[in-house]
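Q: Sharing a sequence plus its predicted fold:
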Amino acid sequence: QVHVEESGGGLVQAGDSLRLSCAASGHTYSTYSLAWFRQAPGDERKEFVAAIRWDTGRTYYADSVKGRWTISMDNAKNTVYLQMNSLKPQDTAVYYCAADDSIRTVTIPELYQIWGQGTQVTVSS
């Protein structure tokens, strides 16, 4: 069974950078997609942030983070990173890593069955 675990959250000021890590353990197939979602206080639904397909390396971004953030992967370490630059107070949320096999639409959280516990990112103004 595949597990994912996030790390790297914290408290930063607006304009700062953070890098989140998502380490996958267990048997990950090359057809897996790994994605980052976030959930701000009061939001009922997780919001898509970014995703990467393990086999092709193709990346996807939400409009709100495009140009500011970069998702990347290290195959040797089975780890996906989310480099977050130019952070804004509205980026404050719990960030979750999700993974699953053969995801057709990477932006839909309900399609993922494997989730981490989340890591808090707080951006002060």
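A: Perfect, thanks for sending it.
Q: only C-alpha atoms for contact and neighbour calcs from this point on.
A: Will do.
Q: quick one: low-confidence parts of this protein?
A: In the predicted model, the chain carries pLDDT under 70 at residues 28.
Q: how close does G26 get to R53?
A: G26 sits 17 Å away from R53, going by Cα to Cα, to the nearest Å.
Q: Those two: which is more packed in?
A: For G26 versus R53, the count of surrounding residues by other Cα atoms under 10 Å is larger for R53: 22 against 10.
Q: you'd agree S102 is up against L34?
A: No: taking contacts as Cα atoms under 8 Å, S102 lies outside contact range of L34: 10.5 Å.
Q: who has more neighbours, the two?
A: More crowded of S102 and L34, by other Cα under 10 Å: L34, with 28 against 15.
Q: and the more buried one, bridged to which residues?
A: Here L34 sits in beta bridges with I52, A99, going by DSSP bridges.
Q: List the contacts of it.
A: Applying Cα atoms under 8 Å, 6 or more residues apart in numbering, we find L34 in contact with A51, I52, R53, W54, V80, C97, A98, A99, D100.
Q: who's in contact with the last one?
A: To tie it back to what came earlier, the one meant is D100. D100 neighbours (Cα under 8 Å, 6+ apart): Y32, S33, L34, L111, Y112, Q113, I114.
Q: go again using 6 Å as the cut-off
A: Y32, S33, Y112 (Cα atoms under 6 Å, 6 or more residues apart in numbering).
Q: I figured the first one was touching R104, is that so?
A: No: assessed by Cα atoms under 6 Å, Y32 is found out of contact with R104, at 10.5 Å.
Q: More neighbours: the two, which one.
A: In this view Y32 and R104 are compared by other Cα under 10 Å, and Y32 has more residues nearby, 16 against 9.
Q: any idea what sits nearest that one, other than its immediate chain neighbours?
A: D101 (4.3 Å; Cα to Cα, 6 or more residues apart in numbering).
Q: now swap in A93 and tell me
A: A93 sits nearest to A40 (Cα to Cα, 6+ apart), 4.2 Å away.
Q: Next: V80.
A: Of all residues not flanking V80 in the chain, M73 sits nearest, at 4.2 Å (Cα to Cα, 6+ apart).
Q: Noted, bye for now.
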